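In: 3D model of this:
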Amino acid sequence: MVQGGVVEIPPDFVPLEHVCRAMRNADCRTPVIFFYEDGDPFLSLCKIAKEVQSVVWHFDLVLMKSIQNAMDYVDVGTQNGDWVLITHCEEAEQSLFRDIALRVFLLKPEPKKYPRREFFRCLFCVDKAFDIEGTAKLPFPPVILKNSIIARRIGDHSSKWSVKLPSDAKYLEIAALKRERRREAGRDSDSETDLSEDEKLSGMWFYRSVELNNAVDDSPLTRAEEEMQIALDEEDVDTIKRLITDGKIGVSKIIKWGMTPLQYACSRENVKAAKCLLDCGADPNQPRQSDGCPPIFMSLEDASLVEALVEHGADLFQTYQGWRIDAHPDTSPHIARMTRRMRANM
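Out: Prediction:
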């Protein structure tokens, strides 16, 4: 049984403090483990998720022994940014969580395809707290325990955070020095990070990749390339000329699928756009980057486009895939006759 989606939250509801703290530290590749003995986290998570326009889908393993449905929701959540909460995890075998762990830990930034992926969260909850280093059987495989945040209630008899530290004294000394530096800087000595609070606390590689992609998308060059592509598709010669004469796009600049504006126009047989680019100085013999195909071999159906290319210096003697244009098997018969006649008259 799955519960979640749009959930009614009382207006005066205050999320559990340890849940808020955990979610500030979590990211799309860092799961969080909660314990029912510290309080039911569901409503708190719903309220926090609402702040980023996400919803929480709740899977109770007491009611459903198979977690395949939860795995399907994890796949969807990594695309649309929804959260997945799996509770009573002690009811399932460790092995069932390995696939979920691998899907989460191997996520890559794809902001153009899945712009909300960074908002996804994977959450687990068990009834009772457990000792990570104890001998009792643990509900999760090591791959989850070593890469997750274990959130505990803040109180008189519980730590602010449950952290597994190596037993080596060297690492304990380093941790103690970090706490001392935090105190000297006037920060919480038990803070999980030395970063300032306005920084995202984990998954820095993921977030930096998203920010870089967004910066590229918003750059003047990217916007100019998109404007050029639209102008080529619509054969808007005024915009094409403006982008080239203003220096925003070089006439030989690769803008789409490894093609220059002229190659792109020829591949789509946009004659008006191609003639405009030729008048602006585009090279009629520059081969396509991906396969070395010259523009004239992209114009195997349209006679007016071939004529324009030849008038601006296209080489009728060049070959592609071992064939000249009049002998190439993909060339239309009327184009083959025309280019053969044009070459004979040269």
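In: okay, now A327: neighbour count?
Out: Other residues near A327 number 12, with proximity taken as other Cβ atoms under 10 Å. For glycine as for every other residue, the C-beta is placed from the backbone atoms N, C-alpha and C.
In: for it, list the residues it contacts.
Out: By Cβ atoms under 8 Å, 6 or more residues apart in numbering, A327 lies in contact with A336.
In: give me the distance between it and D315.
Out: From A327 across to D315, the span is 15 Å (Cβ to Cβ, to the nearest Å).
In: what of V143?
Out: Going from V143 to D315 by Cβ to Cβ gives 59 Å.
In: with E235 instead?
Out: 26 Å.
In: again, but for T245
Out: Using Cβ to Cβ, one obtains 27 Å as the distance from T245 to D315.
In: have a look at these two and say which one is more surrounded.
Out: D315 (15 against 10).
In: tell me the secondary structure for the more buried one?
Out: Recorded secondary structure, D315: coil (DSSP: H, G, I helix; E, B strand; the rest coil).
In: ok, and the closest non-adjacent residue to it?
Out: Of all residues not flanking D315 in the chain, N285 sits nearest, at 5.4 Å (Cβ to Cβ, 6 or more residues apart in numbering).
In: ditto for S148
Out: Excluding the flanking residues, the one nearest S148 by Cβ to Cβ, 6+ apart is P31, at 4.4 Å.
In: okay, now the one you found: neighbour count?
Out: P31 has 25 neighbours, counted by other Cβ under 10 Å.
In: buried sites along stretch 119-127?
Out: By 16 or more other Cβ atoms under 10 Å, the buried positions in stretch 119-127 come out as 119-126.
In: does I100 sit in a helix or strand, and which one?
Out: helix 98-105 (DSSP states H and E).
In: next SSE after that helix?
Out: Sequence-wise, the next helix or strand downstream of helix 98-105 (DSSP H and E) is strand 121-126.
In: for that next one, name the packing helices and strands.
Out: Here strand 121-126 touches strand 32-35, helix 68-80, strand 83-87, going by 3 or more Cβ pairs under 8 Å, 6 or more residues apart in numbering; DSSP states H and E.
In: hang on, the earlier thing: now for the buried residues of stretch 119-127, which pair is the farthest apart?
Out: F119 and V126 (24.6 Å; Cβ to Cβ).
In: what domains does the record give for the chain?
Out: Split into domains by automatic domain parsing, the chain comes to 2-167, 219-344.
In: for K275, give its distance to V306.
Out: From K275 to V306 the distance is 12 Å (Cβ to Cβ).
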